[in-house]
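A.B. asks: with the sequence up front, the predicted model follows.
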Amino acid sequence: MAESEWLEIGRIVAPQGLRGELRVYPNTDFPERFLEPGTRWLRRKGERDPHPVELLGGRDIPGKGLYVVELEGVETREAAEDLRDAVLLVSADDRPELEEGEYHVLDLVGLAVFDRTTGDRLGVVTDVLSAGNDLLEVQLDRPFLVPDTPPKRSRRKKPKRPKPPKPPTVLVPFVTEIVPVVDLDAGRIEIVPPPGLLEVQA
């Protein structure tokens with residue numbers, strides 16, 4: 001299967017205890033991925049292709065944002081340590097049904113972002129971050145600059161050639177008041193940015 005046909009659901013970050021259990025940092029909004037037994041796919045660090053593994057069970061660690069899982073055949077701390085930084089995957093077509101107003105992360109990444117008031121294109125969604133409320137990471141087509149303090153004069157006779165600036169990004173709260181329109185068919189999101197949301201430092 002091609003890379004685009006897999007969904008990463010979590011990364012193994014450390015062993016848990018002495019009996020082969022694994023701590024997993026989740027990259028999914030569906031906790032059942034780590035709680036319900038069944039086949040998952042595992043890709044070790046440095047490998048290209050994943051292989052199937054059986055998830056025997058799992059539980060969450062309250063307050064840590066981590067899950068502990070048990071995989072078939074991993075029965076010692078040493079075996080668990082060998083899986084550090086491996087990722088757990090599912091096939092891209094293995095998607096839970098969503099409620100109205102819910103979206104898969106991969107469906108949002110790459111959507112063009114427009115100002116609903118002016119119709120101007122602002123940028124493109126590059127990631128979705130979870131921090132209480134979901135945040136859309138938007139790479140702006142052009143910076144909306146806020147004047148910064150003037151730079152100090154350099155005593156160098158020959159100034160260094162400046163590095164090309166990275167495209168500016170902003171975080172947009174993914175709430176209806178700010179993001180009222182998500183049109184997957186048209187490949188666009190429309191936002192109503194509150195004052196200051198799009199501004200970046202000059």
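C.D. replies: Nice, I can see it. Numbers count the residues shown, from 1 in each chain.
A.B. asks: what's the spacing between stretch 45-60 and its chain's center?
C.D. replies: 19 Å (Cα atoms, centre = their mean, to the nearest Å).
A.B. asks: go through it and flag the buried ones.
C.D. replies: For stretch 45-60, burial by neighbour count (16 or more other Cβ atoms under 10 Å) applies to 50, 53, 55, 58. Placement of C-beta: from N, CA and C, glycine included.
A.B. asks: residue ranges with poor pLDDT in this protein?
C.D. replies: Along the chain, the model assigns pLDDT under 70 to residues 1-4, 94-101, 131-132, 143-165, 200-202.
A.B. asks: ok, the helix or strand containing residue 139: who's next to it in the sheet?
C.D. replies: If you go by DSSP states H and E, residue 139 is part of strand 133-140. Using DSSP bridges, the strands paired with strand 133-140 are strand 121-131 (antiparallel), strand 169-173 (antiparallel).
A.B. asks: and the contacts of it?
C.D. replies: Identification of contacts with strand 133-140 by Cβ atoms under 8 Å, 6 or more residues apart in numbering yields 108, 113, 122-129, 167-175, 179, 189, 198, 200.
A.B. asks: do the same with stretch 182-191
C.D. replies: 103, 107-108, 110-116, 122, 125, 136, 172, 178-181.
A.B. asks: quick one: terminal-to-terminal distance for it?
C.D. replies: Between the opening and closing residues of stretch 182-191 there is a gap of 9 Å (Cα to Cα, to the nearest Å).
A.B. asks: over to stretch 91-104?
C.D. replies: 14 Å.
A.B. asks: tell me the secondary structure for residue 48?
C.D. replies: Under DSSP: H, G, I helix; E, B strand; the rest coil, residue 48 falls in the coil class.
A.B. asks: again but with residue 34, I slipped
C.D. replies: Residue 34 - assigned by three-state DSSP - is helix.
A.B. asks: list the residues that contact it.
C.D. replies: 9-10, 24, 26, 55, 58, 60, 67, 69.
A.B. asks: and which of the residues you listed is nearest to residue 35?
C.D. replies: Checking these against residue 35 with Cβ to Cβ, the nearest one is residue 58 at 5.1 Å.
A.B. asks: for that closest one, phi and psi?
C.D. replies: When quoted as degrees, to the nearest 10, the phi and psi of residue 58 stand at phi -170, psi 170.
A.B. asks: what bridges to it?
C.D. replies: residue 69.
A.B. asks: can you check residue 139 too?
C.D. replies: According to DSSP bridges, beta-bridge pairing links residue 139 with residue 124, residue 169.
A.B. asks: please determine how far it is located from residue 126.
C.D. replies: Residue 139 is 5 Å from residue 126, where distance means Cβ to Cβ, to the nearest Å.
A.B. asks: hey, what's in contact with both of those two?
C.D. replies: residue 169.
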